[in-house]
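K.L.:
the following block contains a protein sequence and its predicted model.
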Protein chains: 2
Amino acid sequence: MSGGGGPAGRGTRRTGRRPGNPDTREAILDAARTLFAERGYDGASIRAVAATAGVDPALVHHYFGAKDRLFLAALDAPADPAAVIPQVTAGDPAGLGERLVRLFLTVWDSPAGAGAVALLRSSMTNDRTARMLRDFLVTQVLRRLLEHLDTDPAELSLRGSLVAGQLVGLAVTRYVLRLEPVASASPETLVAAVGPAVHRYLTGDLT
Amino acid sequence: MSGGGGPAGRGTRRTGRRPGNPDTREAILDAARTLFAERGYDGASIRAVAATAGVDPALVHHYFGAKDRLFLAALDAPADPAAVIPQVTAGDPAGLGERLVRLFLTVWDSPAGAGAVALLRSSMTNDRTARMLRDFLVTQVLRRLLEHLDTDPAELSLRGSLVAGQLVGLAVTRYVLRLEPVASASPETLVAAVGPAVHRYLTGDLT
């Protein structure tokens, strides 16, 4: 699964696009972090971020593109869900859970994973980071994943938060607590062990 | 399941036993935290804790009893696994996963749960606390749980760390990230949803 874990920052700081004024870029990111943390992803607009940073909204679009990309940059997300979730939803529906766990481990085991671990650690002690991580999971990952599933809409958010809980727990035991043998198990061992649990949360009977 | 979440501190600071010198008690706890963090649960002896605290080993036993109780006090654990794990292992083996999730939620939803959340948060940013939490899970919870199961000994540690990952993930989503609807779901909703996953980790085919 090479290419699965491209950094979310690409298309912003890592393209050939003119870097512009780094102070302006940082001011926009600071404003974005403040507003996303205070109002949530859905409640914070590009216009409000621009006003807080004291720049024109067109400049925010120039630097970051659409709101979801600004959000990923503000969060320093390790991967762009819009780019990688299709790898999970395409293919045999029976393999959905295993593909999601494999993708998750590919991103977190990659160099970008160190940033993900830092984000997870920070979210445990910082309510603003926790809110942003929660919004990231809901608006960027789970919505994209679940809109492809033929499930009762009333169950979607429960399924999504159960999947998030299992994957966050896998990340905590493997990368933070480093509980063996999960800490050093091969990805395929964990895909086989955890994939079916995730699959059931996505599509199985939960009652 | 009332009575499932008794604080681990009972038998030490909450009994009718004479409180003794609080400075001595704290000195022993400080020494215990240092040595458990440095050497792990199995590597730290009561004798070494006593030497570090500058007291006689008999005094450590007087205040805390056996090593596992000293460890629980040092960690300020929200429940004593020796007291509550039998509630999970007794009864119909088919209900093992559900009983474990129910017990877990009973402890974490109780007043003692605030201490558990604090411990979990701290373990994410403090390597010493992470080591103690890992040791707590392995030596106090998982060993006790798994010794009752008729499973291949070679698989026990993988099963244990998968169970820990699922339960830690449930705790992070419910109590730290507060991801809805898991954050406010009834315990029985979560028992039905997560119990089978935990049960499979304990007894099912993981390959």
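P.N.:
Cool, got the structure.
K.L.:
need the contact list for A:L119.
P.N.:
Under the criterion of CB atoms under 8 Å, 6 or more residues apart in numbering or on different chains, the neighbours of A:L119 are A:L75, A:D76, A:A77, A:P78, A:T129, A:L133. For the C-beta atoms, the positions are set from N, CA and C on the backbone; glycine is no exception.
K.L.:
next one: phi and psi at the second one?
P.N.:
Translated: A:D76. In terms of degrees, to the nearest 10, the main-chain angles of A:D76 are phi 50, psi 50.
K.L.:
hmm, it is touching A:G115, no?
P.N.:
Yes: if you go by CB atoms under 8 Å, A:D76 and A:G115 touch, sitting 5.6 Å apart.
K.L.:
tell me the two of the contacts of A:L119 that are most distant?
P.N.:
Based on CB to CB, the longest span within the contacts of A:L119 runs between A:P78 and A:T129 and measures 14.2 Å.
K.L.:
who's more crowded, these two?
P.N.:
Ranked by neighbour count (other CB atoms under 10 Å in any protein chain shown), A:P78 and A:T129 place A:P78 first, with 23 against 20.
K.L.:
what is the burial count for whatever residue of chain A ends up closest to chain B?
P.N.:
Of all residues in chain A, the one sitting closest to chain B is A:G169 (2.0 Å; CB to the nearest CB). Number of residues near A:G169 (other CB under 10 Å) recorded here: 25.
K.L.:
ok, then the element right after the one helix or strand it maps to?
P.N.:
Applying DSSP states H and E as the criterion places A:G169 in helix A:156-171. Secondary structure here is assigned by DSSP H and E; on that basis, the next helix or strand after helix A:156-171 toward the C-terminus is helix A:187-203.
K.L.:
do that next one and chain B meet?
P.N.:
Yes: for helix A:187-203, a contact with chain B is found by CB under 8 Å from any CB of the partner chain, at A:T189, A:A192, A:A193, A:V194, A:P196, A:A197, A:R200, A:Y201.
K.L.:
which one of these sits closest to A:L162?
P.N.:
A:Y201 (4.1 Å).
K.L.:
and the pLDDT for A:A112?
P.N.:
Note on A:A112: pLDDT of 87.
K.L.:
where's it relative to A:G165, distance?
P.N.:
For A:A112, the distance to A:G165 under the criterion CB to CB, to the nearest Å works out to 22 Å.
K.L.:
neighbour count winner among these two?
P.N.:
Using other CB under 10 Å, the more surrounded residue of A:A112 and A:G165 is A:G165, with 29 against 19.
K.L.:
surely that one touches B:V182?
P.N.:
Yes: with contacts counted by CB under 8 Å, A:G165 reaches B:V182, the gap being 6.1 Å.
K.L.:
is it true that A:V117 touches A:Y175?
P.N.:
Yes: counting by CB under 8 Å, A:V117 does reach A:Y175; the two are 4.9 Å apart.
K.L.:
which residues are in contact with each of these two?
P.N.:
Shared between the contact lists of A:V117 and A:Y175 (criterion: CB under 8 Å, 6+ apart) are residues A:W108.
K.L.:
Throw the residues of helix A:187-203 next to chain B into TSV and include pLDDT and neighbour count, thanks.
P.N.:
Output for these, formatted as TSV (pLDDT from 0 to 100; neighbours: other CB atoms under 10 Å in any protein chain shown):
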residue	pLDDT	neighbour count
A:T189	98	15
A:A192	98	16
A:A193	98	24
A:V194	98	28
A:P196	98	19
A:A197	98	26
A:R200	96	20
A:Y201	96	24
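K.L.:
in a markdown table, list those residues along with distance to B:L103.
P.N.:
Rendered in a markdown table, the data for the residues of helix A:187-203 next to chain B read as follows (distance: CB to CB, whole Å):
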| residue | distance to B:L103 |
| --- | --- |
| A:T189 | 28 |
| A:A192 | 27 |
| A:A193 | 23 |
| A:V194 | 22 |
| A:P196 | 24 |
| A:A197 | 19 |
| A:R200 | 21 |
| A:Y201 | 21 |
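K.L.:
report the two of those separated the most.
P.N.:
Using CB to CB, these reach their maximum pairwise distance at A:T189 and A:Y201, which is 19.7 Å.
K.L.:
thinking again about what came up before, of A:D76 and A:G115, which one has the most company?
P.N.:
A:G115 (19 against 16).
K.L.:
so who does the more buried one touch?
P.N.:
For A:G115, the residues meeting the contact criterion (CB under 8 Å, 6+ apart) are A:D76, A:A77, A:P78.
K.L.:
equivalent analysis for A:R159, please.
P.N.:
With contacts taken as CB under 8 Å, 6+ apart, A:R159 has the following neighbours: A:L146, A:L149, A:T151, A:Y201, A:L202, A:L206.
K.L.:
which element is the closest residue to A:A112 other than its chain neighbours on?
P.N.:
Leaving out its chain neighbours, the residue that sits closest to A:A112 by CB to CB, 6 or more residues apart in numbering or on different chains is A:P78, at 3.8 Å. Element membership of A:P78 [criterion: DSSP H and E] is none; it lies in no helix or strand.
K.L.:
repeat for the one 10 residues further on
P.N.:
A:V88 is located in helix A:81-89, with elements delineated by DSSP H and E.
K.L.:
report the buried residues of that helix.
P.N.:
A:P81, A:V84, A:I85, A:Q87, A:V88, A:T89 (16 or more other CB atoms under 10 Å in any protein chain shown).
K.L.:
now do that helix against helix A:187-203, angle only.
P.N.:
90 degrees (axes from the mean of the first three to the mean of the last three CA atoms, to 10 degrees).
K.L.:
identify the residues contacting the lengthiest helix in chain A?
P.N.:
Ranked by number of residues, the top helix in chain A under DSSP state H is helix A:22-43. Residues from elsewhere that reach helix A:22-43 (CB under 8 Å, 6+ apart): A:13, A:19, A:44, A:48-50, A:52-55, A:59-60, A:63-64, A:67, A:70-71, A:73-75, A:128-129, A:131-132, A:135-136, A:138-140.
K.L.:
also stretch A:98-106?
P.N.:
Taking CB under 8 Å, 6+ apart as the criterion, the residues outside stretch A:98-106 that touch it are A:1, A:4-5, A:84, A:87-88, A:91, A:145, A:163, A:167, A:170-171, A:187, A:190-192, A:194-196, A:198-199, A:202.
K.L.:
alright, calling it a day.
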